[in-house]
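Enquirer: Structure for this input, please:
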Amino acid sequence: MIEINVIFLLLSAAVLGIFLGAQIAEACLFIPIWKKMPADDFFEQHSSVGPLLLRFFAPLTIAATVIPLIAVLLHWMINPNNSPLIWVMGVSTLLFFSTYFLYFKNANQKFSDRTLSNDELPFELQKWSNWHWTRIGFEAIAFACSIVILLIE
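Expert: Alright, predicted model coming up:
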């Protein structure tokens, strides 16, 4: 019988993989288009596409945070001789989640409220892209850890 901690590790790998893939798709598909758009067009599109992206990414972000953190907790409770990778997975998960509060929440609000000038937009989109790729890095670390832990279990 598969232990509950292994089930949560499997779920973690699955949700982190889906989330990572979606984030990479956003980085490779949306961001280059946004950067090329005239500012007025970007702000107009953001007013309709922004809420759709939020409805897609919010539950996925929550699942990709909560499930791995439950896996860390269960792993810690069941396996007293934990692999350090489980802690790296947990910290990486917290780091990618924290980027929302450290940057994305306010930045996305600026796009929605159009509190940026047209001249400021290219710089903010580059900053947004940099933060996004940093978040992807943390997600990739968490995902890789979940896979490696499953392989050594």
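Enquirer: Please make it C-alpha for all contacts and neighbour counts, starting now.
Expert: OK.
Enquirer: List the buried residues in the helix ranked longest in the chain.
Expert: Counting residues, the longest helix found in the chain (DSSP state H) is helix 39-78. Buried residues in helix 39-78, counted by 16 or more other CA atoms under 10 Å: 39, 42-43, 46, 50, 60-61, 63-76.
Enquirer: likewise stretch 2-15?
Expert: Buried residues in stretch 2-15 (16+ other CA under 10 Å): 5, 6, 8, 9, 10, 11, 12, 13, 14, 15.
Enquirer: quick one: which of those residues is nearest residue 108?
Expert: residue 15 (23.7 Å; CA to CA).
Enquirer: and whichever strand or helix holds that closest one, how far out from the chain's middle?
Expert: Here residue 15, judged by DSSP states H and E, is contained in helix 4-25. Centroid displacement of helix 4-25 relative to its chain, using CA atoms, centre = their mean, to the nearest Å, is 11 Å.
Enquirer: For it, give the mean pLDDT please.
Expert: Mean pLDDT, helix 4-25: 96.
Enquirer: The helix or strand that contains residue 127 - contacts with which helices or strands?
Expert: Under the criterion of DSSP H and E, residue 127 resides in helix 121-152. Helix 121-152 is packed against helix 4-25, helix 31-36, helix 84-99, with contacts defined by 3 or more CA pairs under 8 Å, 6 or more residues apart in numbering; DSSP states H and E.
Enquirer: Would you format those helices as JSON lines with distance to residue 135 included?
Expert: Output for the helices and strands packed on helix 121-152, formatted as JSON lines (distance: least, CA to CA, whole Å):
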{"stretch": "helix 4-25", "distance to residue 135": "9"}
{"stretch": "helix 31-36", "distance to residue 135": "14"}
{"stretch": "helix 84-99", "distance to residue 135": "5"}
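Enquirer: Tell me which of these approaches residue 119 most closely.
Expert: Checked against CA to CA, the stretch from those lying closest is helix 31-36, at 12.2 Å.
Enquirer: Buried by neighbour count: which residues of that closest one qualify?
Expert: Here helix 31-36 shows 31, 34, 35 as buried, counting by 16+ other CA under 10 Å.
Enquirer: and which of those residues is nearest to residue 138?
Expert: residue 31 (18.8 Å).
Enquirer: And the host helix or strand of residue 109, what's buried?
Expert: Taking DSSP H and E as the criterion, the element that holds residue 109 is helix 105-113. For helix 105-113, a neighbour-count test (16+ other CA under 10 Å) marks 107, 108, 111, 112 as buried.
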